[in-house]
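>>> sequence first, then the predicted structure:
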Amino acid sequence: MPIKTFSSAVFGIEATTITIEVNITSGTRYYIVGLPDTAVRESLLRIESAIVTSGYRMPRQKILVNMAPADIRKEGSSYDLAIAVAILCASEQIDASLLDQYMILGELSLDGAIQPIRGALPVSIQARQEGFKGLILPKLNAREAAIVNNIDVLGVNNLTEVLDFLKGSLLLKPTVVDTREEFYNNICNYESDFSDVKGQENIKRALEIAAAGGHNAILIGPPGSGKTMLAKRLPSILPPLNLQEALETTKIHSVAGKLAAADSLITVRPFRSPHHTISDVALVGGGAYPQPGEISLSHNGVLFLDELPEFKRSVLEVMRQPLEERKVTISRSKLSVEYPASFMLIASMNPCPCGFYNHPEKECTCPPGAVQKYLSKVSGPLLDRIDLHVEVTPVNFTELASESKAESSAEIRQRVIKAREIQEIRFKEIPDVYCNAQMGSKTVRKLCKITEAGQLLLKKAMEKLGLSARAYDRILKVSRTIADLAGSEEIRIEHLAEAIHYRSLDRQGWAG
């Protein structure tokens, strides 16, 4: 009689239940059907060794394994454990009475040990939704899956433990994680703090504005001026993750296999800093078996691109759509996968190849035209999506040697949170807009009204500084955020003036 066990496949960040049916009849060959990939087809060799090593026998008959639904491609080695259990139940070596209550996942080693899998969190969520009593999976994935309540998460080390549990001779204790306690105990637990940074008050101010409005920013300055140090501390002044954001972020890292065994829930905003040699697929996501890229791993956090002009142009161009839509869709001939990608982009760059253009003390040694050529490596459409252009100057000795304590991230974060609360009220009737940076042109015209004096200032600025037309909306968005930080309902002239200051790369003649 066919025996059924239940496992799961992960597509994007959602899981789908897979029913594994095993039938043993007269014959001598083993078959796996239901669109298995190479890793699944090879599983019977691992399973046979694991079963024999665990003290059971592999049936020497025809074994037919069907993986339903048959029109979904089955990938990876996480089905090993479920297939092995089904074979032993079908050959009447163990009792099958508990199989319909549990979802089973795990990769088997030749000695019967169970290796960790990817995507345990979305699988656990799916198992609870479908009414399973529990989930049997590798011990190293147990804490991750136990974030989900109202389901028994049973972590196991080897095949023998699973079989003894199903026979009733071993009691497995469910892994329990107090999700809310763990979340609130570790929230805002950052290693870096803005109080570590000497000087650079104007740059801290710019990053505070970026955090308050969710604006993308680019830091331009010579080597050693502190661009990377400042960017790494940006997540520490962003509003804390809420529980829903934490779960969504954890799901993405779970699918990508980026969670350590000791981790169960990501409680701080992610900070991703890929090297400039990264490929476009690694940045956006994809591959033969689509996986999330760096922009999805930075979802609800910060993506930092150091030395922006050194990235391949094709890599930078593929970010344009995700920056606007806040999601990535990866399409293949037989499936389409969508990953969320709502992140803040922070980039840094030297102003020229030698790094010392506009330096207050050192002279630029680049030949004529080299500065403009260097800056042109970053396309206009990408710069169009960056609201703040911040010039970073080196810290002088007096500031470095100062013993005075700088403002902490916690103090800055409180101001950012107050500004975000204002925006939350402002956008409560507008779907999919949560901060000023996400406003469309129509919303900008409606919510970012300025006085006649402000209009005159903006007109003069655009004419005198040679600001491009694309800078207009960006200036209004940033000035709205500055007004929110000041607690002002109106956008005043000083707010506009500060916003205009953050459009360095739009100025005609900036690069000579």
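Thanks, I have the structure now. Quantities reported herein were computed from a predicted structural model and do not represent experimental measurements.
>>> so which elements touch the longest helix belonging to the chain?
In the chain, with assignment by DSSP state H, the single longest helix is helix 409-426. Here helix 409-426 touches helix 201-213, helix 471-485, going by 3 or more CB pairs under 8 Å, 6 or more residues apart in numbering; DSSP states H and E. Heads up, the C-betas are built off the backbone N, CA and C, glycines and all.
>>> check which residues of the first one are buried.
Yep, that's helix 201-213 we're talking about. Buried residues in helix 201-213, counting neighbours by 16 or more other CB atoms under 10 Å, are found at 203-213.
>>> extract the C-alpha set from that helix and format it as PDB.
Provided in PDB are the C-alpha atoms of helix 201-213 (Å, rounded to 0.1, in the frame of the first residue of the first chain):
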ATOM      1  CA  GLU A 201      28.800  67.000  12.300                       C
ATOM      2  CA  ASN A 202      27.500  68.100   8.900                       C
ATOM      3  CA  ILE A 203      27.700  64.500   7.500                       C
ATOM      4  CA  LYS A 204      25.900  63.200  10.600                       C
ATOM      5  CA  ARG A 205      23.200  65.700  10.000                       C
ATOM      6  CA  ALA A 206      22.900  64.600   6.300                       C
ATOM      7  CA  LEU A 207      22.600  60.900   7.400                       C
ATOM      8  CA  GLU A 208      20.000  61.900  10.000                       C
ATOM      9  CA  ILE A 209      18.000  63.500   7.300                       C
ATOM     10  CA  ALA A 210      18.400  60.400   5.100                       C
ATOM     11  CA  ALA A 211      17.300  58.100   7.900                       C
ATOM     12  CA  ALA A 212      14.300  60.300   8.800                       C
ATOM     13  CA  GLY A 213      12.900  60.400   5.300                       C
END
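>>> what's the local residue count around residue 323?
Counted with other CB atoms under 10 Å, the neighbours of residue 323 add up to 20.
>>> picking up where we left off before, which one of the buried residues of helix 201-213 is nearest to residue 93?
residue 211 (59.6 Å; CB to CB).
>>> ok, now which ones touch the closest one?
By CB atoms under 8 Å, 6 or more residues apart in numbering, the contact set of residue 211 is 234, 237-238, 344, 412-413, 416.
>>> roughly how far does it sit from residue 484?
To residue 484, residue 211 is 12 Å away according to CB to CB, to the nearest Å.
>>> what's the helix or strand containing residue 50 packed up against?
Counting by DSSP states H and E, the element that carries residue 50 is helix 43-53. Helices and strands touching helix 43-53, by 3+ CB pairs under 8 Å, 6+ apart, are strand 30-33, helix 80-90, strand 107-108.
>>> pLDDT below threshold where in this structure?
261-262, 333-334, 397, 399-401, 468-470, 506-512 (pLDDT under 70).
>>> top strand in it by residue count?
strand 14-25 (DSSP state E).
>>> pull out the buried residues from that one.
Quick answer for strand 14-25 (16+ other CB under 10 Å): 14-15, 17-18, 20-22, 24.
>>> the residue most central in space within the chain: what's it in contact with?
The C-alpha lying nearest the average C-alpha coordinate of the chain belongs to residue 297 (CA atoms, centre = their mean; 2.2 Å). Residues counted as contacts of residue 297 (CB under 8 Å, 6+ apart) are 252-253, 256, 258, 270, 272.
>>> swap in 6 Å and give it another go.
By CB atoms under 6 Å, 6 or more residues apart in numbering, the residues touching residue 297 are residue 272.
>>> over to it: give its phi and psi.
Main-chain torsions, residue 297, degrees, to the nearest 10: phi -70, psi -20.
>>> wait, residue 235 touches residue 304, no?
No: with contact defined as CB atoms under 6 Å, residue 235 does not reach residue 304; the gap is 9.7 Å.
>>> quickly list the domain ranges of this structure.
3-167, 186-409, 439-512 (automatic domain parsing).
>>> straight-line length of the longest one, end to end?
Yep, that's domain 186-409 we're talking about. In domain 186-409, first residue to last residue: 16 Å (CA to CA, to the nearest Å).
>>> please apply the same query to the first one.
End-to-end distance for domain 3-167: 16 Å, by CA to CA.
>>> one step back: what is the nearest of the buried residues of strand 14-25 to residue 428?
Of those, the one sitting nearest to residue 428 (CB to CB) turns out to be residue 14, at 27.8 Å.
>>> sorry, back to before: using CSV, lay out the domains of the chain together with distance to residue 179.
Shown next, in CSV, are the domains of the chain (distance: least, CB to CB, whole Å):
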stretch, distance to residue 179
domain 3-167, 5
domain 186-409, 6
domain 439-512, 32
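>>> just to revisit the earlier point, between strand 14-25 and the following helix or strand past the helix holding residue 50, find me the angle.
Under the assignment DSSP H and E, the closest C-terminal helix or strand after helix 43-53 is strand 62-68. For strand 62-68 against strand 14-25, the angle by axes from the mean of the first three to the mean of the last three CA atoms, to 10 degrees is 160 degrees.
>>> give me the contact list for strand 62-68.
With CB under 6 Å, 6+ apart as the criterion, strand 62-68 contacts 18-25, 27, 29-34, 74, 83.
>>> check stretch 169-182 too.
142-143, 146-147, 152-155, 164-165, 264-265.
>>> switch the cut-off to 7 Å
Here stretch 169-182 makes contact (CB atoms under 7 Å, 6 or more residues apart in numbering) with 142-143, 146-147, 149, 152-156, 161, 164-165, 264-265.
>>> ok, so of the buried residues of helix 201-213, who is nearest residue 248?
Relative to residue 248, and with distances defined as CB to CB, the nearest of the buried residues of helix 201-213 is residue 211, at 19.8 Å.
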